[in-house]
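# pasting the sequence and the predicted coordinates here, then a few questions.
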Amino acid sequence: MYVSHLQLADYRSYESVHLELGPGISTFVGPNGQGKTNLVEAIGYVATLGSHRVATDAPLVRKGAERAIVRAAIVKDERQAVVDLEINPGKANRARLNRAPATRPREVLGVLRTVLFAPEDLALVKGDPGERRRFLDELLVARAPRIAGVRSDYERVLKQRNALLKSASAQFFKRGEPDLSTLDVWNEHLAVAGAELLAARLALVAELQPLVGKAYSELTTVGGPPVLQYRSSAAASDEEPPADREQLAQLLREALAEARVQELQRGVSLIGPHRDDLHLRLDELPAKGYASQGESWSYALALRLAGFELLRADGDDPVLLLDDVFAELDSERRSRLAEHVRHAEQVFVSAAVAEDIPPELQGDRFRVVEGGIEHE
Ligand SMILES: Nc1ncnc2c1ncn2[C@@H]1O[C@H](COP(=O)(O)OP(=O)(O)OP(=O)(O)O)[C@@H](O)[C@H]1O
C-alpha cells in the first residue's frame, strides 16, 4: 500500500498543506523545528489514531485553531481509499471513509498500516513497561483492528474498577467497612477482557521472537541473542503464563483474589495486562540497565523491523516512516537499516540535513521550511 495524497489543515505547525506522493522513497529535509516530525506524525496518526509523541490530541491542533483535519488517500491493490479525520480536542473525533457519513474513528483502523522508526524508539528498550505494552498493542491493532475494541473494553472495565477501589480504599481507611458488593462483578469483567488481550499479546510475542532474533543479527554482530519474555502481573515473575484464554482468565481471577487486600489498601488495580511488561534480554542479561547504547539501538530497530516483517507477511507492505532516525545511528547500523527498508513499497525519511540520509534512501525530495513543504 502507499499514501498517494496527504492533506493537512491546522495540524500542528501546518495551516494548510497538500502533498501528492508516489510509491518508493520520499525524503523530507529541512532545518530543526520546521515541521518534519509533524508531517510524519500526521501520517502515523491516520494509521494508529494516536501520536508517537503525545498521549492526548490537544497538541496536534494548530495553536489558535479549533480542530485539525488530516485527509489521506491510500492506494492498495490499485484501489484507492480516502480517510478523513477531524481531530476535536475535548470532543469526539470524527472519521469518514471514502466520503461516507461520519463514523467512529476506530472504523478506519487498518486502512493504512505504518511502521514508524523514531528517536523515541530507544525508550522501547530503556523506558518504562508502558512503552513496550504500547509497542505490542499497536502492532496487534495494525494486524487486527478489532483488538482496538478489546483494548477499549478492557480500559473501560479498568476505569470503573479503579473508581470502585479508590472509594472503597477511602472507606477502608475511615471506617474499615468498604462497600465491595460490585467488586466481584468487576473482577470477572477484568478477568475475561484481560485474558483476551493477554492471549493476543502472548501469541504476538511468540511470533515476534524469531523475527527479532533475525533482524538483530542482521543489524549487528555485537551482543545477543535477543530474548523476549512476556511477564504477566498475574503470574510469578519467573513463570511463563499459559497461552489458553480460559486458563488465562482463571489465572487472573486467582491473582485478583490474592491481591484483594493490597488493592484495597492502594486503591488501584494491581493485576492485569495494564501492569505487565515485555522483558527484553540480551543473552542472559536484561537489556535495560545492561545493554550498551549501540546494542539498545540495535534492539529497538530489531523490534520495529520484526513488526514490519510481521505486517508484511500478512500480505501487504506497511508504509515505513523513518523520522530523523539516521542521525542517531553509527554508519554501520545506518547502512544495514537502509538495506533492510529500501525495497518497501513506500518509505518516508526525514532528516535535518540530507547527508544524514544513506545514499540507498535518497528518493523523491521535499524541502520542509516554515510550515510549508516544497517538492524539489
Ligand atoms: N499545535 C501546534 N501549533 C503550532 N505549532 C506547533 C504545534 N505543535 C508543534 N508546533 C511547532 O512545530 C515545530 C516542531 O515541528 P517538528 O517537531 O515537526 O520539527 P522538525 O522539523 O521535526 O524538527 P527537528 O529536526 O528538530 O526534529 C515547532 O516549532 C513547534 O513550535
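Received it, and whenever you're ready, just let me know what you need. Residues are numbered from 1 along each chain as shown.

# Leu228 looks like it's in a strand, true?
Yes - assigned with DSSP: H, G, I helix; E, B strand; the rest coil, Leu228 falls within a strand.

# that one touches Leu278, doesn't it?
Yes - using Cβ atoms under 8 Å, Leu228 is in contact with Leu278, at 6.1 Å. (Each C-beta comes from the backbone N, C-alpha and C, glycine too.)

# any shared contact partners between those two?
Both Leu228 and Leu278 are in contact with Val205, where contact means Cβ atoms under 8 Å, 6 or more residues apart in numbering.

# residue boundaries of the helices in this structure?
36-48, 122-126, 129-143, 147-174, 183-219, 245-258, 260-266, 293-313, 331-341 (DSSP state H).

# can I get those helices in a markdown table with mean neighbour count?
A markdown table is the format used below for the helices of the chain (neighbours: other Cβ atoms under 10 Å):
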| stretch | mean neighbour count |
| --- | --- |
| helix 36-48 | 24 |
| helix 122-126 | 20 |
| helix 129-143 | 20 |
| helix 147-174 | 16 |
| helix 183-219 | 20 |
| helix 245-258 | 18 |
| helix 260-266 | 14 |
| helix 293-313 | 22 |
| helix 331-341 | 18 |
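
# next, format those helices as TSV and append mean pLDDT and distance to the ligand.
Output for those, formatted as TSV (pLDDT from 0 to 100; distance: least, Cβ to the nearest ligand atom, whole Å):
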stretch	mean pLDDT	distance to the ligand
helix 36-48	96	3
helix 122-126	96	15
helix 129-143	96	19
helix 147-174	90	25
helix 183-219	95	23
helix 245-258	95	40
helix 260-266	89	36
helix 293-313	94	17
helix 331-341	89	17
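
# now tabulate those in CSV and tack on distance to Pro59.
As requested, the helices of the chain are exported to CSV (distance: least, Cβ to Cβ, whole Å):
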stretch, distance to Pro59
helix 36-48, 10
helix 122-126, 18
helix 129-143, 17
helix 147-174, 21
helix 183-219, 28
helix 245-258, 35
helix 260-266, 31
helix 293-313, 24
helix 331-341, 28
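
# to Ala234, which of these lies closest?
Ranking the helices of the chain by proximity to Ala234 (Cβ to Cβ) places helix 245-258 first, at 3.8 Å.

# CA-only coordinates of the closest one in CSV, if you can.
Output in CSV follows, covering the C-alpha atoms of helix 245-258 (Å, rounded to 0.1, in the frame of the first residue of the first chain):
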residue,chain,number,x,y,z
ARG,A,245,-7.6,-17.8,27.0
GLU,A,246,-9.7,-19.7,29.6
GLN,A,247,-6.7,-20.6,31.6
LEU,A,248,-5.5,-17.0,31.5
ALA,A,249,-8.9,-15.8,32.7
GLN,A,250,-8.6,-18.3,35.6
LEU,A,251,-5.1,-17.1,36.3
LEU,A,252,-6.4,-13.5,36.5
ARG,A,253,-9.3,-14.5,38.8
GLU,A,254,-6.9,-16.2,41.2
ALA,A,255,-4.4,-13.4,41.2
LEU,A,256,-7.2,-10.8,41.8
ALA,A,257,-8.4,-12.8,44.8
GLU,A,258,-4.9,-13.0,46.2
